[in-house]
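# Fold the following and give me the result.
(chains A and B)
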There are 2 protein chains.
Amino acid sequence: MPRYTAPVKDMQFILHDMLKATDTGIPGYSDLDREFTAAILEEAGKLAEGVLAPLNAVGDTEGCRLENGVVYTPTGFKDAFEQLKEGGWNGLDLPEEYGGQNLPYVVGTAVGEVFVSANMAFNMYQGLTHGAINAILAAASDELKQTYLPKMISMEWTGTMNLTEPHCGTDLGLIRTKADPQDDGSYKITGQKIFISAGDHDMADNVIHLVLAKAPGGGAGTKGISLFIVPKIMVNEDGSLGARNGVSVGKIEEKMGIHGNATCVMNYDEATGYLVGDLHKGLRAMFVMMNEARLGVGLQGYAQAEAAYQNAVDYARDRLQGRAVTGVENPDGNADPLIVHPDIRRMLMDQKSFVEGARAFTFWGAHLIDRAHRLGDKDAEGLISLLTPVIKGFQTDVGFAMTVQAQQVYGGHGYIEEQGMSQFARDARIAMIYEGANGVQALDLVGRKLAAEGGKPAMAFFEMVKTFIKENEGNEALKEPFLEPLKAASKDLQAAMMYFMQQGMKNPNAALAGSTDFMHMFGHVCLGLMWAMMGKASAQALQDGTSDATFHETKLTTGRYYMARQLPATGMHLARIQSGAEPVMALAAENF
Amino acid sequence: MPRYTAPVKDMQFILHDMLKATDTGIPGYSDLDREFTAAILEEAGKLAEGVLAPLNAVGDTEGCRLENGVVYTPTGFKDAFEQLKEGGWNGLDLPEEYGGQNLPYVVGTAVGEVFVSANMAFNMYQGLTHGAINAILAAASDELKQTYLPKMISMEWTGTMNLTEPHCGTDLGLIRTKADPQDDGSYKITGQKIFISAGDHDMADNVIHLVLAKAPGGGAGTKGISLFIVPKIMVNEDGSLGARNGVSVGKIEEKMGIHGNATCVMNYDEATGYLVGDLHKGLRAMFVMMNEARLGVGLQGYAQAEAAYQNAVDYARDRLQGRAVTGVENPDGNADPLIVHPDIRRMLMDQKSFVEGARAFTFWGAHLIDRAHRLGDKDAEGLISLLTPVIKGFQTDVGFAMTVQAQQVYGGHGYIEEQGMSQFARDARIAMIYEGANGVQALDLVGRKLAAEGGKPAMAFFEMVKTFIKENEGNEALKEPFLEPLKAASKDLQAAMMYFMQQGMKNPNAALAGSTDFMHMFGHVCLGLMWAMMGKASAQALQDGTSDATFHETKLTTGRYYMARQLPATGMHLARIQSGAEPVMALAAENF
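Sure thing, here's the model as predicted:
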């Protein structure tokens, strides 16, 4: 069975050496000293390592089952859920007003990574609840907030997001679920939703569904969509639970992975729903939830890669096979450990340098969200809005590839389910799909975010990279290994953007045909920037005579690897982008 | 349920327009006119489409089961196996002497693709038999040949390959299975083998295991290994079946995919075995089998991508979602089909251009094998030996990635097992691992094949590319879209080889750290060459006034796509390679 150890030291490095959390001036960050975050992360680590990780394979093997309308989760999930609840983990970064602890989002993100690495399918019950809470916080009336938030924050009740229908996923304008207004101000919701993660289960007293539906008078397409709270069990005025609402589970889907999470077909049959936010403006409220959810999914991408990587390293150290080409390294054994072989190291370094870079990028992104929310910093808001599709799309594409690579280190044993490496890949696969398939992220990035605010956030990003390079040019530890590759990659990215601008007006297909390549090159530049920032922090620590020189030297080596081996990808992406729309769009549909 | 249609037209194009089979002068090829190969491929297609493909999901869902020592295959497999047997499909390219039809290997390869695309797990029972037959043909005594080959070629009996043991996969020198010589010239085989594909089943009367074991006196490491035939059931002198041999199935592995194939732990307990070839030279005989098996696995990579691609195209044509950015294309529907979207087309074109290129490469490789075997052409033998790891490693890496991409076209539906897209990815995944994990292919390529015969085959490859470019420079249809990118990519490949030569002596790790990148860039150059050859054939057909202009125009567009979008990858691989061994090898094992 795979093991998992929370990477507390690396998280501390990002929070304190790289982000310098307590110096940021963001409200709430002054409390985030090393001792405080260490205590939280170690506590989360204990729960993850001792309780959640051992249930990961159980969830995969048993899956969820639907019997007489009741969804049962795998053995042990209910107990683990109780422990998560008792620890108050869900409310970590939520308002005190409703029972949360109001810690910065970056702390919730770090804890989230630990839980996701340990057991992604299990963590989704909490993750969806968290997203639903955010949508309610952003758009619902005070009355709805008072009724639902305290019990959702405490996880007595959990939440879901209901967007997809059998005939429509991305194209929400096609939604058929209807909302009929009632005299008491509520609505009757009727329709079918599919792919509802954590749609139902036996771990909480109630499930609060957030449902997109069409109320009369809204017009066609996405304009007519409203957002509703539809509880599984009606809530009485005194907060106690009443009768079952007209909500039922049609079936649980058989999926490639995340078997521990019940992905449900939800049937709404004149179920009572309550409008969240303005009528016919449901997408706006839903998007509040989705942006944060997308960052959370981007986190899943590298969190699964982290768990898979840890086990690949163990295997590569233990498994004796072949001899080092440069001479025997394990003379007492009949073979050397796998880790002596350059191609095994290449795979491990790919994983390590991606995961650590993605972690820094995600924490840095979470810190931008804190900056936006807690300081009202509009520039930070614009920047994280621009980068959200990169975090989601790039990190889940590469994160999945890295789980596959970790599995590859195991050779034939990686293909056997018992080893657990297949599960990491099968679970990670969904992150490329849900919360907007990665092609949709690329479309969002190129078709919308690049041009948002007249291109201001994009320009600000390039300015930031340029400034960082300029300010650190005199730093010899950074110049050649970090700054030069970053400069070259950033130049490629700008050239691609320029190409889009030139082509965009006359031939939008030329930009869109390059959208995924653009998203990936953007991801590499972002991780390159993170590595440069981390390299700077580690070089500084070494100069200051750190007591943990090995950690910082390892950090610098890992960063050099990423810069040398991954950043050259931007040239390939640029060449693809500049090849334009022609061969992509040339074939008639019938000639494929 | 996914559909499958045999790509007969494309195969015919490769065999006749590109390879010009009947003009090659290879014995047996003069019979391969269009009508003949069409008849065979269409017949194979019928069996694949009507019988094998519908069983693919059945095999995945049911898997194999072991009950009281007997292995049962999924419902329908036995009937399908009978039909395969009755059609004589296994003997297609095997010697007439033992009941085969002696057709060229290229024909067996084309038919193999059709069967693998339809049902990879099922086809492996035949594929392993075919490999075992080849090892027996290459090395066994006449007596053994007479005893085993006719029934294996007719598939009354099937075959297996037994190399791996729990503690050793690639490093065969560590094998512990023992062979004790008996007075009658036979051996008693004792040990455990794992991951034995098609290890046992209920579809044939006997299973003939080819087993690597150590007989006394052979010395340490791979030198002491011999190859043995170990039948599941003893064969009497008159050819009838006798008592059970000391061979049993320990268990069937639970795997990520290919559930329809019984991957067995095989226990040998003083089982009677017969030496194949020379004592202590078992690896040589096994490698005969493995080289062809590796080409077959490279075929599996793109064959799964082909099947997945066909379904992704169907889905992209049918599923209505969103509107084309350039204006409504399906005014009668409430949305346009997915295939109007550039990023969906990018994915489909990636798949299409890879699959068709890989098919050409594999058929061309098979034709080199025919050239080597039937003409005794040593240059062809050197070339296919060089390219085998490229066919295996590159095509299975990219083939798997393409099945994942086809699944991605389905969005959330791709993650649901019912749709069948997950199975293509899960099945294709094994091809990157077995018959030598792809890292081992890269090692074989860079550490052995490049320098083989003093580098003659590698030089011959570059010479061939150069000659092709030179001879066709005047062809305007080829020059800019095909020859220029091919030239640039080939230059990158040569630069990488030069780097290896310069570094190799003083720092072998520098070459090995770039081995996988080199294998991939080699793959791109090979597919680029194939596309240039196909482009030439299609341009010629159009010039000759072909009656199927659409096919050839589509071929040229698809080729242009591959050259423009995939060949730029060689620059990235070269940059990675030239970054050398330093960051790859720098970390101590404990610092990962």
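
# quick one: contacts for A:Ala57?
A:1-2, A:420, A:423 (C-beta atoms under 8 Å, 6 or more residues apart in numbering or on different chains). The way it works is simple: take the backbone N, C-alpha and C, and place the C-beta from them, glycine included.

# average pLDDT for the strand or helix carrying it?
Secondary structure from DSSP states H and E places A:Ala57 in helix A:56-62. Averaged across helix A:56-62, the pLDDT comes to 98.

# and that helix, C-alpha only, in PDB?
Extracted in PDB, the C-alpha atoms of helix A:56-62 (Å, rounded to 0.1, in the frame of the first residue of the first chain):
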ATOM      1  CA  ASN A  56      -7.500   5.700  -0.100                       C
ATOM      2  CA  ALA A  57      -7.200   2.200  -1.500                       C
ATOM      3  CA  VAL A  58     -10.300   1.100   0.400                       C
ATOM      4  CA  GLY A  59     -12.300   3.800  -1.300                       C
ATOM      5  CA  ASP A  60     -11.000   2.800  -4.700                       C
ATOM      6  CA  THR A  61     -11.700  -0.900  -4.200                       C
ATOM      7  CA  GLU A  62     -15.100  -0.700  -2.500                       C
END
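
# in it, what's buried?
A:56-60, A:62 (16 or more other C-beta atoms under 10 Å in any protein chain shown).

# go on, stretch A:135-153?
A:135-140, A:144-145, A:147-153.

# ditto for stretch A:210-220
Neighbour count says stretch A:210-220 has A:210-215, A:218 buried, by 16+ other C-beta under 10 Å.

# Can I get it as CSV, trimmed to CA atoms?
Output in CSV follows, covering the C-alpha atoms of stretch A:210-220 (Å, rounded to 0.1, in the frame of the first residue of the first chain):
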residue,chain,number,x,y,z
LEU,A,210,-26.6,24.3,-5.4
VAL,A,211,-28.6,23.9,-8.6
LEU,A,212,-28.6,25.9,-11.9
ALA,A,213,-32.1,26.1,-13.4
LYS,A,214,-34.2,28.2,-15.7
ALA,A,215,-37.0,30.3,-14.2
PRO,A,216,-39.6,31.8,-16.5
GLY,A,217,-38.9,35.1,-18.3
GLY,A,218,-35.1,34.9,-18.4
GLY,A,219,-34.8,34.5,-22.1
ALA,A,220,-32.7,32.0,-24.0
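
# Is that stretch in proximity to chain B?
No: judged by C-beta under 8 Å from any C-beta of the partner chain, stretch A:210-220 makes no contact with chain B; its nearest approach is 8.6 Å.

# Not counting that stretch itself, show me its contacts.
A:132, A:135-136, A:159-163, A:172-173, A:175-181, A:187, A:189, A:191, A:193, A:224-230, A:268, A:273, A:275-276, A:279-280, A:282-283, A:286, A:289.

# Also near chain B: which of these, exactly?
Checking these against chain B (C-beta under 8 Å from any C-beta), the matches are A:Gly173.

# what's the longest strand along chain A packed up against?
In chain A, taking DSSP state E as the definition, the longest strand is strand A:264-276. Where contact means 3 or more C-beta pairs under 8 Å, 6 or more residues apart in numbering or on different chains; DSSP states H and E, strand A:264-276 is packed against helix A:120-139, strand A:187-196, strand A:206-214, strand A:225-231, strand A:247-252.

# Enumerate the positions of it that are buried.
Within strand A:264-276, judged by 16+ other C-beta under 10 Å, the buried ones are A:264-268, A:271-276.

# can you pull the buried residues of the very next helix or strand once past it?
Downstream of strand A:264-276, the next assigned helix or strand under DSSP H and E is helix A:282-318. Of all the residues in helix A:282-318, those buried under the rule 16+ other C-beta under 10 Å are A:282-283, A:285-286, A:288-313, A:315-316.

# need the residues of the stretch 201-350 of chain A near chain B, please.
Going by C-beta under 8 Å from any C-beta, the residues of the stretch 201-350 of chain A near chain B are A:253-257, A:313, A:316-317, A:320-322, A:325-326, A:334-335, A:337, A:339-349.

# Now restrict those to buried residues only.
Buried among these by 16+ other C-beta under 10 Å: A:253, A:255-257, A:313, A:316, A:320-322, A:325, A:335, A:337, A:339-349.

# Sitting in helices, which of these do you find?
A:313, A:316, A:342-349 (DSSP state H).

# ok, back up a step: check pLDDT for the buried residues of stretch A:210-220 and point me to the minimum.
A:Gly218 (87).

# and that residue, how far is that from chain B?
For A:Gly218, the distance to chain B (C-beta to the nearest C-beta, to the nearest Å) stands at 16 Å.

# can you check A:Gly414 too?
A:Gly414 is 7 Å from chain B, by C-beta to the nearest C-beta.

# ok, which residues in the stretch 401-550 of chain A are in contact with chain B?
A:404, A:407-408, A:411-412, A:414-418, A:422, A:425-426, A:429-430, A:432-434, A:437-439, A:442-443, A:447, A:508-509, A:512-513, A:515-516, A:550.

# on contacts alone, who are the packing partners of the helix or strand harbouring A:Gln395?
Per DSSP H and E: A:Gln395 is located in helix A:378-409. Secondary-structure packing of helix A:378-409 (3+ C-beta pairs under 8 Å, 6+ apart): helix A:282-318, helix A:342-375, helix A:421-429, helix A:438-444, helix A:456-472, helix A:515-543.

# got those as JSON lines, with mean pLDDT columns?
Output for the helices and strands packed on helix A:378-409, formatted as JSON lines (pLDDT from 0 to 100):
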{"stretch": "helix A:282-318", "mean pLDDT": "92"}
{"stretch": "helix A:342-375", "mean pLDDT": "97"}
{"stretch": "helix A:421-429", "mean pLDDT": "98"}
{"stretch": "helix A:438-444", "mean pLDDT": "97"}
{"stretch": "helix A:456-472", "mean pLDDT": "98"}
{"stretch": "helix A:515-543", "mean pLDDT": "98"}
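
# so which of the ones you listed comes closest to A:Ile14?
helix A:342-375 (5.0 Å; C-beta to C-beta).

# My guess is A:Ala358 contacts A:Tyr309. True?
No: contact criterion C-beta atoms under 8 Å: A:Ala358 and A:Tyr309 do not qualify, at 11.4 Å.

# Name the nearest residue to A:Val70, ignoring sequence neighbours.
A:Asp202 (6.6 Å; C-beta to C-beta, 6 or more residues apart in numbering or on different chains).

# What of A:Met11?
The nearest residue in space to A:Met11 (C-beta to C-beta, 6+ apart) is A:Ala110, at 5.1 Å.

# That neighbour contacts A:Phe13, doesn't it?
No: under the criterion of C-beta under 8 Å, A:Ala110 is not in contact with A:Phe13, lying 11.6 Å apart.

# between the two, who's got more neighbours?
Neighbour count, other C-beta atoms under 10 Å in any protein chain shown: between A:Ala110 and A:Phe13, A:Ala110 has more, with 27 against 23.

# host element of the more buried one?
Using DSSP H and E, A:Ala110 falls in helix A:105-118.

# and that helix, C-alpha only, in PDB?
Extracted in PDB, the C-alpha atoms of helix A:105-118 (Å, rounded to 0.1, in the frame of the first residue of the first chain):
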ATOM      1  CA  TYR A 105      -7.100  31.200   2.200                       C
ATOM      2  CA  VAL A 106      -3.400  30.300   1.700                       C
ATOM      3  CA  VAL A 107      -3.600  28.200   4.900                       C
ATOM      4  CA  GLY A 108      -6.700  26.400   3.800                       C
ATOM      5  CA  THR A 109      -4.900  25.700   0.500                       C
ATOM      6  CA  ALA A 110      -1.900  24.200   2.200                       C
ATOM      7  CA  VAL A 111      -4.100  22.000   4.400                       C
ATOM      8  CA  GLY A 112      -6.200  21.100   1.400                       C
ATOM      9  CA  GLU A 113      -3.100  19.800  -0.500                       C
ATOM     10  CA  VAL A 114      -2.300  17.500   2.400                       C
ATOM     11  CA  PHE A 115      -5.800  16.100   2.500                       C
ATOM     12  CA  VAL A 116      -6.100  15.700  -1.300                       C
ATOM     13  CA  SER A 117      -2.700  13.900  -1.500                       C
ATOM     14  CA  ALA A 118      -3.800  11.500   1.100                       C
END
